[in-house]
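1. Build me a structure from this.
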Amino acid sequence: MTAKYPSVRRRVQATSLTLSFLLACAAPSAAAAETAADEVDAAAATTADAADQASRGDIIIVTARRRQETAQEVPVAISVIRGDSIEATGNFNVVKLQQLAPTLQVYTSNPRNTSVNIRGLGVPFGLTSDGFEQGVGIYVDDVYNSRVAAATFDFLDVDQVEVLRGPQGTLYGKNTTAGAINITTNQPTFDFEGRAEVSVGNLNYRQAKAAISGPLTDKIAARIAIAATSRRGTLFNVTSDRWINEQDNLGLRGQLLFQPNEDLSITLAGDYSKQDPEGYGTTYVRVGRTQRVLTRQYDALVAAVNLANPGRNYAVPSTNPYDRLTDLDASLNAGNKIGGASVRVKWDVGPGTFTSISAWRFWDWKPENDRDFTGLSIVSKSQNPSQQDQYSQEFRYNYEGDKIDFVVGLFGFKQRIDTQGTEQQGADASKWSLTGVLANDPSVLNGLTATNTQYLKSTSAALFGQLSWKVTDALTIQPGVRVNYDKKSGFYQRIVTNGGGQVINCTPAPGTSLPAVLAAQCGVYQPQESAPSDSAWNFTYDFNVNYKVAPDILAYATYAKSFKTLGINQNGLPLNSDNTVNYDASTVKPESIDHFEVGLKTQFFDRRATFNLSAFRTDIKDFQATVNGGQFGTVRGYLANADKVRTQGIEADLKIVASERFTAYGNGAYTDAKYKKFTNAPCPPELSGGTLQPPGAAPDYSNAGVPNTASPRQCDISGQRLPGVSKWAFSYGAEANAPVTLLAKDGQVYLGVDGNYRSHWNSNASPSAYTDVKGYALTNFRVGFRGEGLDVFGWVRNAFDVNYIELLQVAPGNTGLIAGQVGDARTWGGTVKFSF
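-> Here you go, the predicted model:
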């Protein structure tokens with residue numbers, strides 16, 4: 001392969017034999033081709049690279065089938081996003097990356113509560129639970145990151161990011177059902193090289209990156225990289241008189257490569273990243289009617305609090321979220337640390353290659369939140385710090401022959417997560433949550449505290465493999481199988497104390513009932529203890545047929561039978577209608593997935609243009625969903641199975657490298673993701689909070705499902721769209737350049753534009769008219785000069801200062817309050833990059 005592409009061969013040699021294997025994590029499964037960033041990168045390269053790209057049609061090399069191939073030759077759903085493209089467009093973490101990849105959806109209220117989905121699938125929308133698996137795997141240099149918080153950290157010395165769509169498993173160690181994000185960092189080199197980058201902008205934005213690599217001996221090379229980002233917050237808290245939701249990120253990464261001969265390479269890597277911003281807070285967005293009586297809804301409750309506190313006259317600082325004001329009164333913090341070490345061994349043995357990846361990773365999360373989303377002291381403290389350790393080991397052997405290629409692997413994974421949670425009621429809680437005489441006594445709930453201790457132990461093992469049979473020069477058949485074992489065991493204990501520090505017991509003596517004050521306290525927090533445990537074996541497989549219709553036209557079809565392993569409820573269990581604990585909800589069944597896909601990859605105009613098209617359908621039985629009863633208590637959300645979910649769509653990608661002076665791209669996706677059957681879902685806010693009112697007195701039900709008459713807390717949302725998914729999503733970009741000589745340097749002056757559009761989507765697990773997020777389009781510009789070893793450019797992002805919402809949240813208590821996080825306003829700045 002590299003003999004066909006000499007420029008690629010030189011690069012592979014320079015970055016050691018390990019690079020070809022690292023890129024191999026892109027396993028086959030689903031939709032279209034290279035996304036936005038590939039195309040941006042073609043124009044963002046140096047003058048020499050641009051000329052080379054124009055002459056060879058901007059070839060993109062991947063090893064999705066464990067061998068080097070051009071992306072257009074591989075029948076896989078892979079989007080390749082290069083490091084230079086990430087830097088040029090300012091998409092410096094996975095959360096930002098969705099602006100370049102239309103089928104990628106990332107939503108985050110804080111690093112722990114982050115959802116990374118592909119084609120609408122991945123994780124249940126809502127508050128994160130430790131008890132389920134991620135449907136989208138995040139890998140860094142072949143190492144699986146089980147904590148989705150990794151998506152919020154800055155990319156560190158990244159060479160390439162690959163986004164795969166559809167079920168993975170027959171080539172990946174950890175099974176993922178929706179796709180994978182594979183991040184490859186720059187590797188140690190035996191040529192001395194370095195780079196540095198500094199960016200500044202409005203909002204006191206500062207970002208600095210540096211990396212240096214070179215030989216220590218003729219057999220040992222080293223590389224070290226560092227990156228730091230800071231920015232003023234985007235939301236002003238009038239209570240603390242501070243800007244919140246800051247950026248504060250520091251990352252370090254070091255690698256040692258030992259290459260005693262051409263057949264063996266050993267890479268030792270270690271990394272550490274931390275964030276310590278004041279965040280993440282919300283702002284008032286709107287209030288909607290619920291099924292509570294009028295005196296128990298938001299506006300009436302605020303009036304009641306003010307009446308009970310003469311002279312207070314509480315009101316939110318603004319009812320316009322784009323004023324970017326909030327008045328949160330609880331402490332805020334999002335301390336976040338992640339890191340680890342790994343050893344990767346690659347050994348050419350006989351006709352194939354043996355690879356071993358051994359890794360340990362940790363995650364340390366120290367949050368403080370305002371759970372009532374207001375400046376009132378309803379929930380005065382909410383924090384669930386967690387500590388996680390994970391260990392993984394993967395062995396693989398891959399063989400490449402004239403007619404047969406195969407990969408076989410063995411994977412083991414073990415993790416433990418410990419959490420110590422605290423949630424406490426404040427001085428306004430009684431008035432807000434109680435009725436009658438007790439509502440006028442702040443001492444009933446003030447200081448009421450739920451302290452929980454929990455842990456999760458998770459073990460996974462798998463044997464997997466894939467065979468590729470070249471029936472003819474044009475026809476290839478590719479089956480794969482996976483056998484997987486998972487075991488999860490957990491422990492959860494909640495102790496409740498009153499304002500005086502006394503432990504309360506919510507179980508009445510036989511023949512008696514609880515006193516009124518104790519009953520009111522137990523209605524908010526109940527002591528609870530559970531120890532769920534379960535295990536399961538799964539067998540899955542996939543089958544791909546691809547046919548080269550012509551030298552530059554590849555057609556493929558894929559079927560995958562996959563699964564998402566069992567889950568356990570780790571954040572406490574819901575209550576039955578009689579206020580007893582529902583222990584039957586301690587575990588949830590695995591998902592069963594049938595995935596179908598067809599695709600077409602084409603090249604034309606002397607391979608200066610590519611057009612790729614794919615269509616897919618995924619049917620899921622026993623979909624793992626997050627449900628929420630809406631109460632203030634510590635059971636904020638728990639897992640349950642929805643009977644059936646279906647997602648289907650069409651994706652198209654077009655790229656044109658017209659010349660070394662102009663490139664352009666456009667990517668689009670139509671995604672139709674629905675609950676096919678979910679009859680016991682949580683009700684949306686307009687149908688929550690009490691006995692149902694006559695339809696004439698209720699809000700707009702058109703997007704809210706149908707009440708389940710058997711249970712007033714549940715609704716039938718069959719046929720409703722999945723949350724977080726836009727039906728239509730597009731990204732586009734173009735760059736033009738002209739040769740110039742500046743400061744005695746020959747180079748290019750260039751002008752680039754990129755943008756994206758997403759149609760409206762819903763931000764609640766059960767679709768609601770109140771949490772519908774309007775569609776928006778963002779546009780970014782950059783202009784600069786690049787020459788040998790130098791790139792200087794200015795940039796403006798969200799150039800037209802579009803107001804848009806990133807996430808909406810329903811406040812607990814069924815009062816009708818909707819809070820949210822607004823997207824960044826227009827930002828601007830400049831970047832200087834040096835390399836040698």
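2. Backbone dihedrals for residue 767, both of them.
-> phi -50, psi 140 (degrees, to the nearest 10).
3. Touching, it and residue 718? I think so.
-> No: with contact defined as C-beta atoms under 8 Å, residue 767 does not count as touching residue 718 (11.6 Å). No exception for glycine: its C-beta is placed from N, CA and C like everyone else's.
4. more neighbours, the two?
-> Higher neighbour count among residue 767 and residue 718: residue 767, with 23 against 17, using other C-beta atoms under 10 Å.
5. Not counting residues beside it along the chain, what's closest to the more buried one?
-> residue 720 (4.7 Å; C-beta to C-beta, 6 or more residues apart in numbering).
6. quick one: the helices in the protein?
-> 6-14, 18-22, 36-44, 47-56, 83-89, 94-97, 298-308, 429-433, 516-522 (DSSP state H).
7. Could you list the low-confidence segments of this structure?
-> 1-59, 61-68, 126-128, 577-579, 628-637, 690-713 (pLDDT under 70).
8. what's around residue 401, how many residues?
-> When neighbours are counted by other C-beta under 10 Å, residue 401 comes out with 11.
9. For the nearest residue to it once chain neighbours are set aside, the count of nearby residues, please.
-> If the residues on either side of it in the chain are set aside, residue 401 comes closest to residue 351, at 7.2 Å by C-beta to C-beta, 6+ apart. Close neighbours of residue 351, defined as other C-beta under 10 Å, add up to 8.
10. Give me the distance between the residue positioned nearest the centre of the chain and residue 138.
-> Ranked by distance to the mean C-alpha position of the chain (C-alpha atoms, centre = their mean), the top residue is residue 116 at 2.5 Å. In this view, residue 116 and residue 138 are 7 Å apart by C-beta to C-beta, to the nearest Å.
11. Please apply the same query to residue 522.
-> Residue 522 is 40 Å from residue 138, by C-beta to C-beta.
12. And residue 589, by the same measure?
-> 25 Å.
13. the more surrounded of the two?
-> residue 138 (22 against 17).
14. OK, contacts around the closest residue to that one other than its chain neighbours?
-> Spatially, and ignoring its direct neighbours in sequence, residue 138 is nearest to residue 145 (4.5 Å; C-beta to C-beta, 6+ apart). By C-beta atoms under 8 Å, 6 or more residues apart in numbering, the contact list for residue 145 reads 137, 138, 139, 338, 361.
15. With residue 221 instead?
-> So residue 221 contacts 16, 188, 189, 190, 213, 214, 215, 256, 257, 259 (C-beta under 8 Å, 6+ apart).
16. ditto for residue 449
-> 381, 422, 423, 424, 425, 496, 497, 525.
17. switch to 7 Å and redo it
-> 422, 424, 496, 497 (C-beta atoms under 7 Å, 6 or more residues apart in numbering).
18. ok, the last one - how many residues close by?
-> Using other C-beta under 10 Å, the number of residues around residue 497 comes to 18.
19. Show me the beta-bridge partners of residue 776.
-> On the basis of DSSP bridges, residue 776 is bridged to residue 758.
20. Quick check, it in contact with residue 802.
-> Yes: the pair residue 776 / residue 802 is scored as a contact, 5.6 Å apart, by C-beta atoms under 7 Å.
21. Neighbour count for the two, which is higher?
-> residue 776 (18 against 14).
22. re earlier: quick one, which of the contacts of residue 449 are buried?
-> Buried residues within those, defined by neighbour count using 16 or more other C-beta atoms under 10 Å: 424, 496, 497.
23. possible to save the residues you listed as TSV with distance to residue 559?
-> Formatted as TSV, the buried ones among the contacts of residue 449 follow (distance: C-beta to C-beta, whole Å):
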residue	distance to residue 559
424	52
496	51
497	55
